[in-house]
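K.L.:
Below are the sequence and a predicted model; questions follow.
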Amino acid sequence: MHQPKCLTVAIVLSLLAVGAGLAFAQAPKPKAAADPLAPKATAAATPTAATASANTAHELTLADLEAFFDGFLPQQIEKADIAGAVIAVVKDGKPIFEKGYGYSDVATKKPVSPQDTLFRPGSISKTFTWTAVMQQVELGKLDLDRDVNDYLDFKLPATHGKPTTLRDIMTHRGGFEETIRDLFVASEKDLTPMAQYLPTHTPHQIYPPGTISAYSNYATTVAAYIVQRVSGENFDDYLDNHIFKPLAMKQATFRQPLPENLKPYMSSGYGRGSEKAKGFEWVEVAPAGSASISADAMTHWMIAHLQNGKYGDTQILKPETTIAMHSRQKGWPDGINAMCLGFYEQTANGHRAIGHGGDTEAFHSNMHLLLSEGVGLFVSYNSAGAPGKGDPRGMLWDAFIDRYFPAPPAAAEPAIASAAADAASVAGPYVSSRRFETNLLAITSLLGQAKIQVDPKDDTIFIDELKGENGKPKHYREVAPMVFKAVDGKDKIIFSENNGQRIANIDYPFMAFMPVDNALNNKGFNYFLICFGLAVIVLNILLWPVAWALRKHYAKPLVLSSDALKWRRYVRIVCVVDILYLIGLISIISGADLVGGLNSDKATKIHLMQVIGLLGGLGFIVAVIAALKSWGDQTQWFWYKLWNSLLAAGCLFFFFFIWHWHLLNFNLNY
């Protein structure tokens, strides 16, 4: 996929994309070699899939884990500019390894403690919310397949004539488009209760419920609100009373601000470890991502789920309920990871695993549960890692699974006779199911389009943006009908039919990639429209003083009728208004902090820009009239008439672009 050649539009679109940054992956600093607390690599150099034995498993012991992680984590946080990390491993109902690396606070050189230091595991918080839902199912207060509106004091619209259920929500198939407004807020005073937030932030339902997976923080918060209503307990109190206290998770809370007794243990969060620490992150959709928790507390949580709801003498879920919660749900093709009830599959090397990942702006975490083996792994970083250094969590999981649960010897994969035809049939542009579609940020769906291409040398498929550790695009070879496996990796792309449409399934089952089958949404077409439109609009403004200077220098007055001069002036006003609109919109977005950058407090400014944009955009009518009048004026030069026509087309293209991508949608429920 190539970027447009028009620099102006590239800047505009890039800045607009800022508003959709939900993962907030940013980066920290390497530790100086002389820093006494900077973890040092041991003789067990960073174990990777390449250095580990392909088929011989290492014994999962404290000694081996310590050698492994002491070789892996210090190098990783130094190379990737990460401030600190924490790791915990459990097996057979006991924690067998817990350790912190680097700093929880760089300025004071405070080390990470796995027992005490609180990390923000982001969306791993959802697993607590889903467990609370299942507790209420056990009590008979909730039915996973009943219309959720039966439990709410407001209504989720049945846009497609089909009710949304808790099962739909727990498998991220509620059908909702992405939402970001007020996802994070600037301070405690900006937080609002769920009862107030949910009815005023309902996203549009773009798919029939139960069909297409599209990750939704909003829907998770709906589920938590339902738990709050049917249990009669505030959700924070519910978690304390029914999960944290029974499991002896003393260093765990969803509360914002933190309780006074936990505040001293909160790790700072960073972009890069070399940068200044960020403040505490205020999560509006708290049930979807507000947890603050230690690695030691996470061992209690992993053990409870690995032991079918039991920790010590405490049973928070019945075994049959837990098994149902961990079971693969219907709707995903064989051979690909599927959603469970809230958890999702992370199967690797033939070993079934479930778990969840999580991100805030600063913290980045993963939890993996190997159910059959009774093994759980939790890792969290208080920084994202420097750009271009890969995915720290993913690399750690790959190295861990290859070392302790390696894949059996792989049989030679037979050539598929239809490989060339199948590759050609799936080639083309795709867009994620998790997207903005009907609101101001729909433009990010255009930016996020990925093009599947075919390498004619070997009939593999690839996506330019989907790169391996070597920085080059991963290539996928067909190994079974419509199943494409990475040539040098484990991941797959499987194409299947869903709701009458072919979609591409990846290893993350909470979203899929859908073909761009509407020509009006094609990236190349839209880039042409906006580049052409901006080019002629900007040129018309820039050449205005140039033409005036040249006429003055050569004493050549502008020979146009008064009517032609009037329309010429009108068109220039339209062009100026269009540019003012873009500059204003860019300034609002680029001047906003990523967290809460496009929250409700920006509504007035955005609406003002939209009014200006609407006036300027509709000005294409003025440009068209001016062009038509120009062709009817026999005194005007041919090239001047042609320029007026190009200008009219550019203004029309500009208006189509901002209208089609909902930049003029005054409903700011994005």
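P.N.:
Yep, that arrived.
K.L.:
hey, let's count contacts and neighbours off CA atoms from now on
P.N.:
OK.
K.L.:
And the helices in the stretch 201-350 of the chain?
P.N.:
Remark: helices assigned in the stretch 201-350 of the chain by DSSP state H, counting those that start in this stretch are 217-231, 235-239, 286-289, 295-306, 319-326.
K.L.:
Switch those over to CSV; also include distance to G174 and mean pLDDT.
P.N.:
Putting the helices of the stretch 201-350 of the chain into CSV (distance: least, CA to CA, whole Å; pLDDT from 0 to 100) gives the following:
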stretch, distance to G174, mean pLDDT
helix 217-231, 7, 98
helix 235-239, 22, 98
helix 286-289, 15, 97
helix 295-306, 25, 98
helix 319-326, 18, 98
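K.L.:
among these, which is nearest P264?
P.N.:
Across those, P264 has its closest neighbour in helix 295-306 (15.9 Å, CA to CA).
K.L.:
Next, the angle helix 319-326 makes with that closest one.
P.N.:
For helix 295-306 against helix 319-326, the angle by axes from the mean of the first three to the mean of the last three CA atoms, to 10 degrees is 110 degrees.
K.L.:
buried stuff in helix 295-306?
P.N.:
Neighbour-count burial for helix 295-306, counted by 16 or more other CA atoms under 10 Å, picks out A295, D296, A297, M298, T299, H300, W301, M302, I303, A304, H305, L306.
K.L.:
Would you mind checking which of these is nearest to P481?
P.N.:
L306 (34.8 Å).
K.L.:
got a list of what that closest one touches?
P.N.:
G93, L369, L370, L371, G374, V375, G376 (CA atoms under 8 Å, 6 or more residues apart in numbering).
K.L.:
For this structure, give me the ranges with low pLDDT.
P.N.:
1-54, 469, 546-559, 590-597 (pLDDT under 70).
K.L.:
Which strands or helices does the longest helix along it pack on?
P.N.:
Taking DSSP state H as the criterion, the chain has its longest helix at helix 523-553. With contacts taken as 3 or more CA pairs under 8 Å, 6 or more residues apart in numbering; DSSP states H and E, helix 523-553 sits against helix 7-17, helix 562-590, helix 638-660.
K.L.:
Burial check on the closest residue to V222 other than its chain neighbours, number of neighbours?
P.N.:
Once flanking residues are discounted, V222 sits nearest to L198: 7.1 Å by CA to CA, 6 or more residues apart in numbering. Neighbour count for L198, taken as other CA atoms under 10 Å: 19.
K.L.:
What distance do you get for L198 to T108?
P.N.:
40 Å (CA to CA, to the nearest Å).
K.L.:
a strand runs through G357, doesn't it?
P.N.:
Yes. Under DSSP: H, G, I helix; E, B strand; the rest coil, G357 falls within a strand.
K.L.:
Can you give me the end-to-end span of stretch 453-467?
P.N.:
From its first residue to its last, stretch 453-467 covers 14 Å (CA to CA).
K.L.:
So N498 sits against T211, correct?
P.N.:
Yes. Using CA atoms under 8 Å, N498 is in contact with T211, at 7.1 Å.
K.L.:
Present the helices and strands packed on helix 523-553 as TSV; the columns should include distance to A353 and mean neighbour count.
P.N.:
Shown next, in TSV, are the helices and strands packed on helix 523-553 (distance: least, CA to CA, whole Å; neighbours: other CA atoms under 10 Å):
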stretch	distance to A353	mean neighbour count
helix 7-17	33	16
helix 562-590	40	18
helix 638-660	42	20
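K.L.:
Kindly list the longest strand within this protein.
P.N.:
If you go by DSSP state E, the chain has its longest strand at strand 94-105.
K.L.:
follow-up on the earlier one: which member of the contacts of L306 is positioned nearest G273?
P.N.:
The closest of the contacts of L306, once distances to G273 are taken by CA to CA, is G376, at 27.5 Å.
K.L.:
Which of the three states applies to that closest one?
P.N.:
strand.
K.L.:
mind giving me JSON lines with the helices and strands packed on helix 523-553 and columns for distance to T438?
P.N.:
Below are the helices and strands packed on helix 523-553 laid out as JSON lines (distance: least, CA to CA, whole Å):
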{"stretch": "helix 7-17", "distance to T438": "15"}
{"stretch": "helix 562-590", "distance to T438": "18"}
{"stretch": "helix 638-660", "distance to T438": "10"}
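K.L.:
Out of those, flag the one nearest I541.
P.N.:
Closest to I541 of the helices and strands packed on helix 523-553, according to CA to CA: helix 562-590, at 6.9 Å.
K.L.:
So what touches the helix or strand that the closest one is followed by?
P.N.:
Downstream of helix 562-590, the next assigned helix or strand under DSSP states H and E is helix 603-618. Helix 603-618 is contacted by residues 574-575, 577-578, 580-582, 584-585, 588, 651-652, 654-655, 658, 663-666, 668 when judged by CA under 8 Å, 6+ apart.
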